[in-house]
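Novice: Using only what follows, build the 3D model:
(one chain, ligands or ions: 1)
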Amino acid sequence: MNTRADFNAWAAQQDAPRLTDWLREISEPDWSSTVNHPLFDALAEGRLAGADFAAYMAQDYGFVDPFTALIGFAIGRAPCMADRVVLGQFMGMLTSDENSTFQRTFEAFGVPASTPEAPAWLPETRAFQALLRETGDGGGYAEILAVLVVTEWVYLEWALRVTRAGDLHPLMGEWIDLHDNPAFQEFVAWLRRRLDEEAEALDDAAFARMAECFRETVARERAFHDAVMPR
Ligand SMILES: Cc1ncc(CN)c(N)n1
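Specialist: Just a heads-up that it's a prediction; the model follows:
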């Protein structure tokens, strides 16, 4: 299911085969389950209580910390300056605008200053942290890209999908803005393109590892959001 031969068999049936479309397809039903998670509808439609939004954001800050470190590994393992520039710009946004949204959310909803640093991580948050750290420590560039494609593409998809309430809390609106704006859409398109390209040069074993990493990341996304807000 994860092999290059599987991809080639799938590609032979497509008019315009793309690796990242196949990866997404083999990650069902976890992919659609995450993108269509009721948490995102509740958030966008103004039905999510402030305390529940803050609890989600506190857990998500536990994701963002090792995720930021993973971007650092991506910058280090990238094969060229052009990739380092794009990833570095994303890192800049993450550590400025996005970090500021977290800090102001914690302030607005009274999350104690110590909580984002030492909160009670849910087991699913810990499992996601472990995947991010292991990929950073031992993964090649394609595996790191596979993780980034999942985390950013899934967020882009739900943010484009939801219907926003007119009187949405500004911080909830900001969280959607961070994930559906044109620069973010371009970044996700770039990530997909680079993974499509990088995968071409992988040997069969590395290809299977990259595909497994993609699927595992989608499974972690689903488990994380199910834990933060059970269906
Ligand atoms: C769990 C999770 N996955 C993805 C994203 C988008 N960077 C996020 N903030 N949190």
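Novice: Just say helix, strand or coil for the residue nearest the centre of the chain.
Specialist: Centroid-nearest residue in the chain: T151, 1.3 Å away (criterion: CA atoms, centre = their mean). Of the three states, T151 takes helix according to DSSP: H, G, I helix; E, B strand; the rest coil.
Novice: how about it, what does it touch?
Specialist: 67, 217, 221 (CB atoms under 8 Å, 6 or more residues apart in numbering). To be clear about C-beta, it is placed using only N, CA and C from the backbone, and glycine gets the same treatment.
Novice: now swap in P170 and tell me
Specialist: By CB under 8 Å, 6+ apart, P170 lies in contact with nothing.
Novice: Tell me how far it lies from the ligand.
Specialist: P170 sits at a distance of 18 Å from the ligand (criterion: CB to the nearest ligand atom, to the nearest Å).
Novice: hmm, the top helix by length along the chain in reach of the ligand?
Specialist: The residue-count maximum for a helix in the chain (DSSP state H) belongs to helix 50-77. Yes: residues of helix 50-77 contacting the ligand under CB under 6 Å from any ligand atom: 60, 63-64.
Novice: Let me know the closest of the residues you listed to D15.
Specialist: F63 (36.2 Å; CB to CB).
Novice: wait, the closest one sits on L131?
Specialist: No: at 10.1 Å, F63 does not count as touching L131 under the criterion of CB atoms under 8 Å.
Novice: Residues of this protein that sit close to the ligand?
Specialist: So far as CB under 6 Å from any ligand atom goes, the chain lies against the ligand at 60, 63-64, 151-152, 155, 221, 224.
Novice: most surrounded residue in the residues you listed?
Specialist: E221 (24 neighbours; other CB atoms under 10 Å).
Novice: nearest spatial neighbour of that one, skipping sequence neighbours?
Specialist: Once flanking residues are discounted, E221 sits nearest to T34: 4.6 Å by CB to CB, 6 or more residues apart in numbering.
Novice: want to try a markdown table for the residues of the chain next to the ligand, with pLDDT as columns?
Specialist: Output for those, formatted as a markdown table (pLDDT from 0 to 100):
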| residue | pLDDT |
| --- | --- |
| D60 | 96 |
| F63 | 97 |
| V64 | 97 |
| T151 | 98 |
| E152 | 98 |
| Y155 | 98 |
| E221 | 98 |
| F224 | 98 |
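Novice: before we move on, what SS does G46 have?
Specialist: Here G46 takes the coil state, with states given by three-state DSSP.
Novice: Count the neighbours of it for me.
Specialist: Look at G46: counted by other CB under 10 Å, it has 14 neighbours.
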